[in-house]
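J.: Need a 3D model of the following:
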Amino acid sequence: MSDANTTHAVVEVPAHGDAGAHSPNPMQLEGGMVVLTWIAFGIMAAVLYKVAWKPILAGLDAREGRIRQALDDADKARATLAQMEETRRTALAETELQCKAMIGRARDAAAEAASHVEAKAHERVKVLYENAERDIEAMKNRIITEIRHEQANLIVQVSGRLIAQNLDAEKNRVLADKLIAEF
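T.: Prediction:
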């Protein structure tokens with residue numbers, strides 16, 4: 001089977017008996033070829049240095065600069081973050097101290113208000129107690145007066161019955177008051 005796109009190579013191989021043909025040995029060094037190789041290498045190295053090496057080094061230097069800048073930016077960001085964290089901690093500590101102070105002031109104010117209310121309550125109880133004592137004393141005096149009047153009336157009645165003499169009510173009262181005063 002033969003394809004139209006298939007190519008065939010023909011290689012000529014010299015016969016062994018051919019003494020006049022000489023084949024070059026690639027391992028054998030010749031002075032002119034070495035010099036030409038070094039010259040070609042030097043030219044290629046100079047061309048690559050001018051054309052490729054400088055742009056490659058410039059690209060590497062630029063990349064190194066970007067990496068260095070990124071590292072510097074990362075260090076700055078890390079330092080800024082550490083500073084922000086320290087600021088946050090300081091603010092949190094200050095806020096905590098302020099809250100504790102506010103709570104302390106609130107407790108003191110509550111204790112003061114409680115003692116003020118307690119003092120007012122004691123004062124009110126004292127006033128009520130004094131009023132109650134006055135009321136009791138007034139009631140006692142009124143009751144004693146009523147009892148005396150009742151006693152006087154009873155004495156007058158008893159005396160009026162014992163004494164055959166009939167006194168009028170005003171004389172009876174004067175007599176009762178006199179008897180009460182003697183008791």
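
J.: For the rest of this, base every contact and every neighbour count on C-alpha atoms.
T.: OK.

J.: Can you check which helix is longest in the protein?
T.: Using DSSP state H, we find that the single longest helix of the chain is helix 54-162.

J.: The helix or strand following that helix to helix 54-162, inter-axis angle?
T.: Next along the chain after helix 54-162, taking DSSP states H and E as the criterion, comes helix 169-182. On the basis of axes from the mean of the first three to the mean of the last three CA atoms, to 10 degrees, helix 169-182 is oriented at 110 degrees to helix 54-162.

J.: Which residue lies nearest the spatial centre of this protein?
T.: Leu92 (6.2 Å; CA atoms, centre = their mean).

J.: residue ranges with poor pLDDT in the chain?
T.: Along the chain, segments meeting pLDDT under 70 span 1-24, 26, 158, 160-168, 183.

J.: Recalculate using a threshold of 50.
T.: Applying pLDDT under 50 to the chain picks out residues 1, 17, 19-20, 164-165.

J.: count of neighbours near Leu71?
T.: 12 (other CA atoms under 10 Å).

J.: just Ala176 next, same as before
T.: Neighbourhood size, Ala176 [other CA under 10 Å]: 23.

J.: how many other residues sit next to the spatially closest residue to it that is not a sequence neighbour?
T.: Closest residue to Ala176 apart from its sequence neighbours, by CA to CA, 6 or more residues apart in numbering: Ala152 at 4.8 Å. The number of residues packed near Ala152 is 22, by other CA under 10 Å.

J.: what's near enough to touch Ala152?
T.: Contacts were defined as CA atoms under 8 Å, 6 or more residues apart in numbering; by that measure Ala152 touches Arg173, Ala176, Asp177, Leu179, Ile180.

J.: Give me the distance between it and Glu170.
T.: Separation of Ala152 from Glu170 (CA to CA, to the nearest Å): 12 Å.

J.: residues shared between the contacts of these two?
T.: In contact with both Ala152 and Glu170: no residue, using CA under 8 Å, 6+ apart.

J.: re the thing from before, in terms of distance to Val156, which of the contacts of Ala152 ranks first?
T.: Nearest to Val156 among the contacts of Ala152, counting by CA to CA, is Ala176 at 5.9 Å.

J.: Might you report the residue contacts of that closest one?
T.: Ala152, Asn153, Ile155, Val156.

J.: where's Arg88 relative to Gln98, distance?
T.: Distance, Arg88 to Gln98, by CA to CA: 15 Å.

J.: what residues does the one helix or strand Ile43 maps to touch?
T.: For Ile43, the element it lies in under DSSP H and E is helix 31-48. Outside of helix 31-48, no residue comes within contact range by CA under 8 Å, 6+ apart.
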